[in-house]
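Undergrad: build me a structure from this.
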Amino acid sequence: QPGQPVYESVVQAFGDRILASDGRIDRKILGEIVFSDPQARSKLNALVHPAVIQRQREWLNEMEAKDPGGIGIVDAALMIEVGTYKNYDKVIVVTCRPEIQKQRLRARSRLSDEEIEARIRSQMSLEEKTKHADFVIDSSGDLAETRRQVAEVRP
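TA: Here you go, the predicted model:
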């Protein structure tokens, strides 16, 4: 949104067509652009990721100062693709069956099936991501089962 880091850079790179009437970036329009064009996606990632990574570092430093023995969790979809997973002590990859992944994305975003497929294709496969994981949680089951797996990860 206006005033946030990288807002101006993203608008400059993709033009006013990505703006909603209130001046905020319309994530649906931007998503249509970047998930149909790998070069546009790379451009967006190059603009956004440095700021995101810097904010993650700041937040983790703040948390460590408050509680040196605490646990900080960073939720980042592209952590493995961009290599930042190497910055963390442990990596947890959460997976689910493909049909559940699509169902959840559809419910959360109201994207078309074609848009969902494009977004999934744009990311590294879950199979490949799990190769970099210290822990894998399969969230295909019910919430109780997922919580059981999370409890196994906690020290």
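Undergrad: so who does Gln101 touch?
TA: Shown in contact with Gln101 (CB atoms under 8 Å, 6 or more residues apart in numbering): 120, 126. The way it works is simple: take the backbone N, C-alpha and C, and place the C-beta from them, glycine included.
Undergrad: let me see the domain layout of the protein.
TA: Split into domains by automatic domain parsing, the chain comes to 1-72, 74-155.
Undergrad: export those domains as a markdown table, with columns for mean pLDDT.
TA: Output for those, formatted as a markdown table (pLDDT from 0 to 100):
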| stretch | mean pLDDT |
| --- | --- |
| domain 1-72 | 92 |
| domain 74-155 | 92 |
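Undergrad: the strands in the protein, which residues?
TA: Using DSSP state E, the strands of the chain run over 92-95, 135-138.
Undergrad: make CSV out of those strands and add mean neighbour count.
TA: Below are the strands of the chain laid out as CSV (neighbours: other CB atoms under 10 Å):
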stretch, mean neighbour count
strand 92-95, 17
strand 135-138, 16
